[in-house]
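**Q** With the sequence up front, the predicted model follows.
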Amino acid sequence: MNDMLLESPAGWKDYELIDSGGFEKLERFGKYIMSRPEPKALWDKSLSKKQWADMAHTEFTAGAGFGKSGKEDSGIWHMLKKMPGQWNISYGSGRADSPEFNLRLGLTSFKHVGVFPEQAPNWDYIYRQTKRVARSLKGDAPRPPKVLNLFAYTGAASLAAKCAGADTTHLDSVRQVVTWAKENMQSSGLDNIRWIIEDALKFVRREAKRGNRYDGLILDPPAYGHGPDGEKWKLDECLFDLLSACSSIVEPENSFVVLNLYSNGYSALLGKTVMESAFGLKKNPRARMEFGELYLEDRAGRALPLSVFVRMER
């Protein structure tokens, strides 16, 4: 069995986890610093309450029941220093094997700001794999790699694929975040991403019937959710069916899949087993898999684990 990988963003100047603890995290996004809830920060803070207050531009106070129901209730941002409601940051590590793009951030009522920074290692992987597939497609009839991003949110993974030259399809069930993703594409100087507002499983099944295939597939499904027509999504009940359907729309050679899971209780090993089973990878000796955790490290050197991932290439 492969060893589990532990990966964290490196060389990203516009993001930093300053401190964590007491079920909160103190982060810098560009010029602005914020305090917000973090259920996985079980330890004590390294910095004092006063130091947090002196540094933070804003802090998020959750509504009643936040995190107890398995869903996120809304809350309020309290401004401590002057800052805009929306601002821009850039992603890029300065390495040749990493993409560069811009992201518009904003203070939402669910503590999110429009990006999950621990995902940076996945963006780098998507960029590298898209470049690899592009090299394999050179020949008599060259074409760009086709990459599908499901549950695509504000589009950082879509931009990573596009930066590497992919023919990119971005799908999410929420119209507002698709509009947000379009703004990120435009501010990054990119174009021609295909936008779809749809239920992910319905779309994948339709693509399978049409015989459409992709060279790259990115999935970041939530624990709970709804499609644009009220379709109910529950990760425990739908993940295997979704991956099984996806196995028929991914090219059997020169392709890759990235699966990210946030749900508490899901392990990287569980994700690996589900992926192997859905894609029949035990029968494919040429398939290569890696799995692990994505984390952020604060200034005190504490690792804050936030999601698990499984990646497959063949």
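**A** Cool, the structure landed.

**Q** Surely residue 29 is in contact with residue 113?
**A** Yes - under the criterion of CB atoms under 8 Å, residue 29 makes contact with residue 113 at 6.4 Å. C-beta: built from backbone N, CA, C; applies to glycine.

**Q** overlap in contacts of these two?
**A** The overlap between the contact sets of residue 29 and residue 113 (CB atoms under 8 Å, 6 or more residues apart in numbering) consists of residue 105.

**Q** For these two, indicate the residue with more neighbours.
**A** With neighbours defined as other CB atoms under 10 Å, residue 29 and residue 113 compare such that residue 113 has more, 23 against 20.

**Q** residue contacts, the more buried one?
**A** Each residue near residue 113 by CB under 8 Å, 6+ apart is listed here: 29, 34, 105, 106, 107.

**Q** ok, now how distant is it from residue 34?
**A** To residue 34, residue 113 is 7 Å away according to CB to CB, to the nearest Å.

**Q** and what of residue 192?
**A** Residue 192 sits at a distance of 34 Å from residue 34 (criterion: CB to CB).

**Q** Neighbour count: these two, which is higher?
**A** Neighbour count, other CB under 10 Å: between residue 192 and residue 34, residue 34 has more, with 23 against 8.

**Q** Look up which helix or strand that one falls in, please.
**A** Using DSSP states H and E, residue 34 sits in strand 32-37.

**Q** Of all the residues in the very next helix or strand once past that strand, which ones are buried?
**A** Next in sequence after strand 32-37, counting helices and strands by DSSP H and E, comes helix 49-55. Neighbour-count burial for helix 49-55, counted by 16 or more other CB atoms under 10 Å, picks out 52, 55.

**Q** and helix 49-55, C-alpha only, in PDB?
**A** The C-alpha trace of helix 49-55 is given here as PDB (Å, rounded to 0.1, in the frame of the first residue of the first chain):
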ATOM      1  CA  LYS A  49      -6.500  37.400  22.500                       C
ATOM      2  CA  LYS A  50      -5.200  41.000  22.300                       C
ATOM      3  CA  GLN A  51      -2.700  40.100  19.700                       C
ATOM      4  CA  TRP A  52      -5.500  38.600  17.500                       C
ATOM      5  CA  ALA A  53      -7.600  41.700  18.000                       C
ATOM      6  CA  ASP A  54      -4.700  44.000  17.200                       C
ATOM      7  CA  MET A  55      -3.900  42.100  14.000                       C
END
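
**Q** what residues does it touch?
**A** Taking CB under 8 Å, 6+ apart as the rule, helix 49-55 contacts 18, 19, 26, 33, 35, 45, 47, 80.

**Q** packing partners for the helix or strand containing residue 209?
**A** Using DSSP H and E, residue 209 sits within helix 200-210. The contact analysis (3 or more CB pairs under 8 Å, 6 or more residues apart in numbering; DSSP states H and E) places helix 200-210 against strand 146-150, helix 235-246.

**Q** Residue 121 is nearest to which of the ones you listed?
**A** Taking CB to CB, strand 146-150 is the member of the helices and strands packed on helix 200-210 nearest to residue 121, at 16.2 Å.

**Q** Show the average pLDDT along whichever helix or strand comes after the closest one.
**A** Beyond strand 146-150 on the C-terminal side, the first helix or strand identified by DSSP H and E is helix 156-163. Across helix 156-163, the average pLDDT comes to 98.

**Q** Tell me what angle helix 156-163 forms with strand 146-150.
**A** Relative orientation of helix 156-163 versus strand 146-150 (axes from the mean of the first three to the mean of the last three CA atoms, to 10 degrees): 170 degrees.

**Q** just checking, what packs against helix 156-163?
**A** Partner elements for helix 156-163 (3+ CB pairs under 8 Å, 6+ apart): strand 101-106, helix 120-136, strand 146-150, strand 167-172, helix 175-187, strand 216-219.

**Q** now the angle from the fourth one to strand 146-150?
**A** Relative orientation of strand 167-172 and strand 146-150, computed by the same axes, to 10 degrees: 10 degrees.

**Q** what helices or strands is strand 167-172 leaning on?
**A** strand 146-150, helix 156-163, helix 175-187, strand 194-197.

**Q** Can you show me the CA trace of the longest one as CSV?
**A** Meaning helix 175-187. Extracted in CSV, the C-alpha atoms of helix 175-187 (Å, rounded to 0.1, in the frame of the first residue of the first chain):
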residue,chain,number,x,y,z
ARG,A,175,-25.6,30.4,-10.1
GLN,A,176,-24.0,33.0,-7.9
VAL,A,177,-20.7,31.1,-7.5
VAL,A,178,-20.6,30.4,-11.2
THR,A,179,-20.9,34.2,-11.8
TRP,A,180,-18.1,34.6,-9.2
ALA,A,181,-15.9,32.1,-11.1
LYS,A,182,-16.4,34.0,-14.3
GLU,A,183,-15.1,37.1,-12.6
ASN,A,184,-12.0,35.2,-11.5
MET,A,185,-11.4,34.0,-15.1
GLN,A,186,-11.7,37.5,-16.5
SER,A,187,-9.4,39.1,-13.9
